[in-house]
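Chemist: Below is the structure, and that's it, no one-letter string:
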Ligand SMILES: O=C(O)CCC(=O)C(=O)O
Ligand SMILES: [Fe+2]
């Protein structure tokens, strides 16, 4: 990758003063909570060629911040800013393109990410660190550490958590317990909670030459082992790396709240004794490249497209907490309200994010299958019969945790497209 803003033919044009004024006005309006007027002001600035306004306008379109937002228009604005060399636009385009729906999932993703890395964008540095961290070559491991350091220096707290754990455990670097402890103390003083121990085994991703960023290497999932044919239940070992497990935990930890369940009669989300864990559902606006890459691999393991996935949910069970026997398919009232075009939840993938000291297995009483949590491994199961109707035999439970804590990531996968990108 070559271009960097401020040099060469792709240099950014200086913003005109009218566009700059509209951009500032938009910022002020948004700070005051007036989203519609802010959107309109960004639109004026964007049409005047203001690159940052184009990016902000694109985000409002992509994430549906205002009435009339349109993800396709979001991608158009990103393309314009990207063509002018804006690295944030390139990063966001890479993130959108992972879904394959509004931009092709092709080689340009690597090029875009490289541009954003060259510009030192912390979420791009973090995503690249996690990418190289999956590869066993010592040069890739060393690169992972360096990229985490750069992201952490750029203020990325999740990267700092990942770095602290690698320093503590001597992953990709000699163990440095004191440096790890210092980093954790700094993070704790900023309100960041420590991570549970995660040991997903050594990096094992086969693939390309060291130090070469090639996302296609890490997007394919290892093969699965079928435990039951009817209902279909399979496990996939070694799906996520320790960094990826930690990424999900560190991202969701500040957002955890008591779990809710869908009332089968009304479709409302309510607290019910069936599910006593805490959870966080990640809104698309909270996603970054690394989180989407992880979800893409989960979807590959489940054999569905990323756009069929509901938002990623991360659950935490403390001792005694459980998810009593239930089925994941939705009542018609919920489907009518939330993605009627997407149909029902055809499949579920749950990935274990840590090893549980005792208890916490996922149990399918029908076929008599029980899966013990193992960091980085996943269970995939069908909720519907081949004709698309709900399968009552898909009943399953998260058994109570006896000792330790259980962290789990769940994607509920619809029959059709649920996400815009
Ligand atoms: O905690 C478990 O093992 C199962 C979780 C589950 O059933 C779900 O997330 O739908
Ligand atoms: Fe479930």
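Modeler: Looks like it came in fine. Keep in mind it's a predicted model, so treat the numbers as computed, not measured. Ligands and ions are numbered 1, 2, ... in the order given.
Chemist: Grab the nearest non-local neighbour of the residue in the chain that ligand 1 sits nearest to.
Modeler: Distances between the chain and ligand 1 by CB to the nearest ligand atom are smallest at residue 398, namely 2.5 Å. All C-beta spots, glycine's among them, are computed from the backbone N, C-alpha and C. Spatially, and ignoring its direct neighbours in sequence, residue 398 is nearest to residue 323 (3.6 Å; CB to CB, 6 or more residues apart in numbering).
Chemist: Repeat that for residue 164.
Modeler: Leaving out its chain neighbours, the residue that sits closest to residue 164 by CB to CB, 6+ apart is residue 183, at 4.2 Å.
Chemist: roughly how far is the helix or strand containing that neighbour from the heart of the chain?
Modeler: Following DSSP states H and E, the helix or strand that holds residue 183 is helix 177-189. The chain centroid and the centroid of helix 177-189 are separated by 25 Å under CA atoms, centre = their mean, to the nearest Å.
Chemist: who touches it?
Modeler: Contacts to helix 177-189, defined as CB atoms under 8 Å, 6 or more residues apart in numbering, come from residues 152, 157, 160, 161, 163, 164, 165, 167, 168, 194.
Chemist: residue contacts, the fourth one?
Modeler: If a contact means CB under 8 Å, 6+ apart, then residue 161 has 187, 192, 195, 246, 250 as its contacts.
Chemist: at 10 Å instead, please
Modeler: Residue 161 sits next to 148, 152, 183-184, 187, 192-195, 243, 246-247, 249-251, 253 when contact means CB atoms under 10 Å, 6 or more residues apart in numbering.
Chemist: Which ones, among the residues you listed, also lie beside ligand 1?
Modeler: Among these, not one lies near ligand 1 by CB under 6 Å from any ligand atom.
Chemist: The helix or strand encompassing residue 115 packs against which elements?
Modeler: Per DSSP H and E, residue 115 falls inside helix 108-118. Judged by 3 or more CB pairs under 10 Å, 6 or more residues apart in numbering; DSSP states H and E, helix 108-118 is in contact with helix 71-83, helix 87-97, helix 122-133, helix 138-153, helix 215-219, helix 289-302.
Chemist: Go through these and find the least confident stretch.
Modeler: Note on the helices and strands packed on helix 108-118: lowest mean pLDDT is at helix 215-219, with a mean of 83.
Chemist: how about that one: buried residues?
Modeler: 215, 218 (16 or more other CB atoms under 10 Å).
Chemist: That one: what's the following helix or strand?
Modeler: Toward the C-terminal end, the helix or strand that comes next after helix 215-219 (DSSP H and E) is strand 225-229.
Chemist: That next one close to ligand 1?
Modeler: No. For strand 225-229, no contact with ligand 1 is found by CB under 6 Å from any ligand atom; the gap never falls below 13.9 Å.
Chemist: Just give the strands next to that strand in its sheet, each with its orientation.
Modeler: Strand 225-229 has the following strand partners under DSSP bridges: strand 232-236 (antiparallel).
Chemist: Tell me what angle the strand it pairs with forms with helix 289-302.
Modeler: With axes from the mean of the first three to the mean of the last three CA atoms, to 10 degrees defining the directions, strand 232-236 sits at 130 degrees from helix 289-302.
Chemist: follow-up on the earlier one: just the buried residues out of the contacts of helix 177-189, in ChimeraX syntax.
Modeler: The buried subset of these, as determined by 16+ other CB under 10 Å, is captured in ChimeraX by this line:
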select :152,157,160,161,163,164,165,167,168
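Chemist: of the contacts of helix 177-189, closest to residue 119?
Modeler: In terms of CB to CB, no member of the contacts of helix 177-189 lies closer to residue 119 than residue 152, at 16.9 Å.
Chemist: how about the residues of this structure near ligand 1?
Modeler: The interface of the chain toward ligand 1, taken as CB under 6 Å from any ligand atom, is made up of 323, 328, 348, 350, 362, 396, 398, 408, 410.
Chemist: I'd say the third one and residue 408 touch.
Modeler: To tie it back to what came earlier, the one meant is residue 348. No. If you go by CB atoms under 10 Å, residue 348 and residue 408 don't touch, sitting 11.1 Å apart.
Chemist: Any idea which residue is closest to the centre of the protein?
Modeler: In the chain, the centroid-proximal residue (CA atoms, centre = their mean) is residue 291; its distance is 2.3 Å.
Chemist: can you give me the strands in the stretch 251-400 of the chain?
Modeler: Under the criterion DSSP state E, counting those that start in this stretch, the stretch 251-400 of the chain contains strands at 257-258, 261-262, 269-270, 278-281, 313-317, 323-326, 345-352, 358-359, 362-364, 369-371, 378-382, 396-398.
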